[in-house]
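Trainee: The sequence and its predicted three-dimensional model are supplied below.
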Amino acid sequence: MKLALIGDPVEHSRSPQIQAQLLRDLGIEGTYEAIRVPAGEAGRALARLRDAGYAGCNVTTPLKEEAAAACERLTIAGQRARAANTIRFEQDAFGTTTDGIGVVSALREYLGSLRGREILVLGTGPTARAAVMQLAEEGARLWIWGRCAEKAQRLCETVGSLCYEGGRIEDAVFAALPPDADLPAEVLTACRMTPLVMDANYGERAILGERVGRPVVDGSAMLVAQARASLEFWRD
C-alpha cells in the first residue's frame, strides 16, 4: 500500500512515523512518504499520486480546501467542513476529513463524554470547521472565535452556536490557529482560566502554552487518532 502526505511544510510532520507504525502493527506491507506540495498545486499532485499507483494520501496545510475541490466525491464530513485531509484513490479521488474525529478522540481522553461540555473553538479554517461539526454532533455547547468575525459568524450559524466575546468557559479550549496568530485579551484570558486547553499544533509549533503561561495539551493525541481514522478509510 503506497501512501503519502502532501502539504507545505511537511518536514516537521510526525505522520510518516505514526503511519509506518500503524502499518506494522496491522501487518500491512506499505510505504508512507511526506511530499512538499505548495499552495495551488493540490489538484495536479493528486493526479500524479493516483497515476503513480498510490492507494491514498493525507493532506495538510495549506491544501485541505484545494484537495476537497479536486475530489470527485466527498463524504458528508468532507462536504460539511469544505475540506479534505484524507483521500482514497479508486477510479476517482474520494475525500474525507478525519480532523473532527481526532479532536473528539483527544478531548474524550480528558473530559470523557462531551455532551453538554462547554468548549471554545479558536479558528475558522479547515481543522476548526471539522472540529466544530464533530463536536456539535457529540452534543457539546460551543463558542467560536476567529480572526475574521464574518467567518466566525457564518460558522456559528451553521451549527447554532455563539461567537465568543469573553467570559469564562467551563471545560475546554481547542485552538486550531497558526502558532503566531494574534489573540485578543479576552481569548488569552480564556486560555489562562479554562481547565483544559488543547492546541492542534505539536512539536516546535506548539507554543501556545508559552504564550499564555500555562500547561497546554499539544496535538499529538489528535494526530494519532486522525492517523488511525485515515488508515481505516484507505482500507475500506
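Mentor: In hand now; what should we look at?
Trainee: I figured residue 223 hits residue 19, correct?
Mentor: No. Using C-beta atoms under 8 Å, residue 223 is not in contact with residue 19; the gap is 10.3 Å. Glycine gets a C-beta too; all of them are placed from N, C-alpha and C.
Trainee: Which one's more surrounded, those two?
Mentor: Neighbours were counted for residue 223 and for residue 19 using other C-beta atoms under 10 Å; residue 19 has more, 24 against 18.
Trainee: How is this protein divided into domains?
Mentor: 2-97, 100-218 (automatic domain parsing).
Trainee: want to throw those domains into TSV with distance to residue 232 and mean pLDDT?
Mentor: Below are those laid out as TSV (distance: least, C-beta to C-beta, whole Å; pLDDT from 0 to 100):
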stretch	distance to residue 232	mean pLDDT
domain 2-97	10	97
domain 100-218	10	97
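Trainee: Tell me which of the ones you listed sits nearest to residue 235.
Mentor: domain 2-97 (8.0 Å; C-beta to C-beta).
Trainee: picking that back up, among the domains of the chain, which is nearest residue 228?
Mentor: domain 2-97 (6.6 Å).
Trainee: Distance from the chain centre to the closest one, please.
Mentor: For domain 2-97, the gap between its own C-alpha mean and the chain's C-alpha mean amounts to 13 Å (C-alpha atoms, centre = their mean, to the nearest Å).
Trainee: any idea where the strands of this structure begin and end?
Mentor: 2-7, 31-36, 56-59, 73-74, 86-89, 93-96, 118-122, 141-145, 162-163, 172-175, 196-199 (DSSP state E).
Trainee: Tell me the spacing between residue 71 and residue 36.
Mentor: Distance of residue 71 to residue 36, given as C-beta to C-beta, to the nearest Å: 21 Å.
Trainee: Which residue of these two possesses the greater neighbour count?
Mentor: residue 71 (20 against 13).
Trainee: For the more buried one, which non-adjacent residue is spatially closest?
Mentor: Spatial nearest neighbour of residue 71, chain neighbours left out: residue 95 (3.7 Å); criterion: C-beta to C-beta, 6 or more residues apart in numbering.
Trainee: partners of that neighbour in the sheet?
Mentor: residue 74, residue 87 (DSSP bridges).
Trainee: How much space separates it from residue 5?
Mentor: For residue 95, the distance to residue 5 equals 14 Å [C-beta to C-beta].
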